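*Asks:* Quick one, what's the 3D model for this:
(one chain, ligands or ions: 1)
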Amino acid sequence: MMGEGERDETWRVLKMFADGRFQHTLQDFPPTLQSEFHSMGASRQKDYGSLVAATRILGKEVFDVQGIGHLNFGGREYELLKIVSRPALSPYAVQVPICLVAGVHGDEPDGILAALELARRFAGSPQLLSNYSLTIYPCVNPVGYERMTRENGAGKDLNREFFLNSAEEEVVVMERELRAHEFIGFISGHSDYESFGMYAYATGAILSERLAKPALFQASSVIPINTDTVIDGHPAQHGIINQKFPGSLGPLSKGTTEPFDITIETPNLFALSKRVEAQAIAFETILHEYRAVAAEAVNL
Ligand SMILES: [Zn+2]
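*Replies:* Okay, here's the model as predicted:
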């Protein structure tokens with residue numbers, strides 16, 4: 001999926017310039033890129049069915065892929081999925097429930113591919129397998145994914161619709177999931193076309209920042225960290241923002257422990273393969289770091 005994904009990304013970014021969204025236009029690009037863009041056509045779509053197929057073949061010995069609901073749009077039905085790790089066989093195992101969400105914005109394939117990559121790494125790590133119960137929601141916005149748009153089919157930015165009584169089917173399905181499960185940690189993957197480096201939103205429990213820092217540091221071997229003091233309109237320190245937009249998807253606080261909540265953002269400026277690698281490293285680091293922090297807490 002990566003090769004085709006890179007072509008989709010080339011088309012999507014050039015299309016933004018062709019549509020006049022920036023100061024520079026398509027004519028400012030080298031002629032080879034311009035003709036590449038024209039050869040790809042004025043419209044282009046991804047296929048959600050291929051993503052579903054790629055999801056379904058993930059680590060069958062480790063994961064179950066389950067439907068969580070349907071979205072009806074444009075005369076088509078899209079099945080929304082989750083990937084769930086199977087419970088440990090030993091009744092003595094303690095597995096921390098964590099969820100990972102991607103594809104809320106259809107024009108951000110990094111998170112989706114990185115979520116699938118994390119599932120592969122998770123399946124290959126006895127340490128992670130024994131310590132976590134992992135639930136992955138790989139693509140919240142299937143119509144946006146196919147059209148490569150931030151918004152869903154109805155033109156809504158789903159990340160401004162959560163916990164506000166939205167009637168958008170994608171939101172209703174995800175809210176139902178979050179009410180039904182108690183996650184200790186919430187991780188999500190997004191991307192940003194204005195940033196020159198990687199950064200993270202760390203909200204919820206204080207722990208979020210403690211986990212986000214090493215995640216960014218490890219991922220900075222692939223993509224540098226954005227160290228600006230203001231990112232995406234929020235004050236930031238060392239690439240970490242402590243605020244969130246109202247209506248953004250996050251954990252529901254239900255139990256006595258406030259869940260950690262970390263969103264990793266990668267810059268569009270880098271090739272998709274790099275963005276996916278950086279996010280997968282960040283996701284994996286969060287899981288390993290949480291174990292380290294939990295071990296520290298036991299020693300207190
Ligand atoms: Zn996003």
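
*Asks:* Assess the claim that residue 68 and residue 81 are in contact.
*Replies:* Yes: contact criterion CB atoms under 8 Å: residue 68 and residue 81 qualify, at 6.6 Å. Just so you know, the C-beta spots here come from the backbone N, C-alpha and C atoms, and that holds for glycine as well.

*Asks:* what do the two both touch?
*Replies:* residue 137 (CB atoms under 8 Å, 6 or more residues apart in numbering).

*Asks:* and residue 117, what pLDDT?
*Replies:* Per-residue confidence (pLDDT) for residue 117: 97.

*Asks:* for the one 5 residues further on, same thing?
*Replies:* The predicted local confidence for residue 122 comes out at a pLDDT of 97.

*Asks:* quick one, what contacts it?
*Replies:* Going by CB under 8 Å, 6+ apart, residue 122 touches 59, 62, 85, 128-129, 132, 134, 284, 287.

*Asks:* Same check on residue 276?
*Replies:* By CB under 8 Å, 6+ apart, the contact set of residue 276 is 2, 110, 113-114, 117.

*Asks:* quick one: residue 236 is in a strand?
*Replies:* Yes: according to DSSP: H, G, I helix; E, B strand; the rest coil, residue 236 belongs to a strand.

*Asks:* Which of the contacts of residue 276 are buried? Put it as a PyMOL command.
*Replies:* Command for PyMOL that selects the buried part of these, burial taken from 16 or more other CB atoms under 10 Å:
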select buried, resi 110+113+114+117
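
*Asks:* and the stretch 151-300 of the chain, which of its residues are near the ion?
*Replies:* residue 190 (CB under 5 Å from the ion).

*Asks:* er, the stretch 1-150 of the chain I mean
*Replies:* Listed as neighbours of the ion in the stretch 1-150 of the chain under the rule CB under 5 Å from the ion: 105, 108.

*Asks:* For the stretch 51-200 of the chain, which segments count as strands?
*Replies:* Ranges of strands within the stretch 51-200 of the chain are 63-73, 76-85, 96-101, 132-137, 185-192, 199-204, based on DSSP state E, counting those that start in this stretch.

*Asks:* For the longest one, which outside residues touch it?
*Replies:* Strand 63-73 is contacted by residues 55-56, 58, 77-86, 119, 123, 137, 142-143, 152-154, 169-170, 172-173, 176-177 when judged by CB under 8 Å, 6+ apart.

*Asks:* Repeat that for the last one.
*Replies:* Strand 199-204 is contacted by residues 186, 192, 208-209, 211-212, 215-216, 225-226, 231-232, 236, 239-244, 250-251, 253, 258-265, 282 when judged by CB under 8 Å, 6+ apart.

*Asks:* tell me what whichever helix or strand comes after that strand is packed against?
*Replies:* Using DSSP states H and E, the next helix or strand after strand 199-204 towards the C-terminus is helix 207-219. Counting contacts by 3 or more CB pairs under 8 Å, 6 or more residues apart in numbering; DSSP states H and E, helix 207-219 is packed against strand 199-204, strand 240-241, strand 260-267, helix 272-298.

*Asks:* Flag every buried residue along the longest one.
*Replies:* Think helix 272-298. Within helix 272-298, the residues that count as buried by 16+ other CB under 10 Å are 272-290.

*Asks:* In terms of residue numbering, what are the domains of this protein?
*Replies:* 1-44, 46-298 (automatic domain parsing).

*Asks:* worst average pLDDT in these?
*Replies:* With a mean of 90, domain 1-44 has the lowest mean pLDDT of the domains of the chain.

*Asks:* Kindly check the end-to-end length of that domain for me.
*Replies:* Using CA to CA, to the nearest Å, one end of domain 1-44 lies 15 Å from the other.

*Asks:* do stretch 14-22 as well
*Replies:* Using CA to CA, one end of stretch 14-22 lies 11 Å from the other.

*Asks:* Check stretch 91-106 too.
*Replies:* 40 Å.

*Asks:* in the sheet, who's paired with the spatially most central residue of the chain?
*Replies:* Residue closest to the average C-alpha location in the chain (CA atoms, centre = their mean): residue 189, at 2.4 Å. Beta-bridge partners of residue 189, counted by DSSP bridges, are residue 264.

*Asks:* residue contacts, it?
*Replies:* Applying CB under 8 Å, 6+ apart, we find residue 189 in contact with 100-102, 108, 110-112, 114-115, 263-264, 266, 279, 283.
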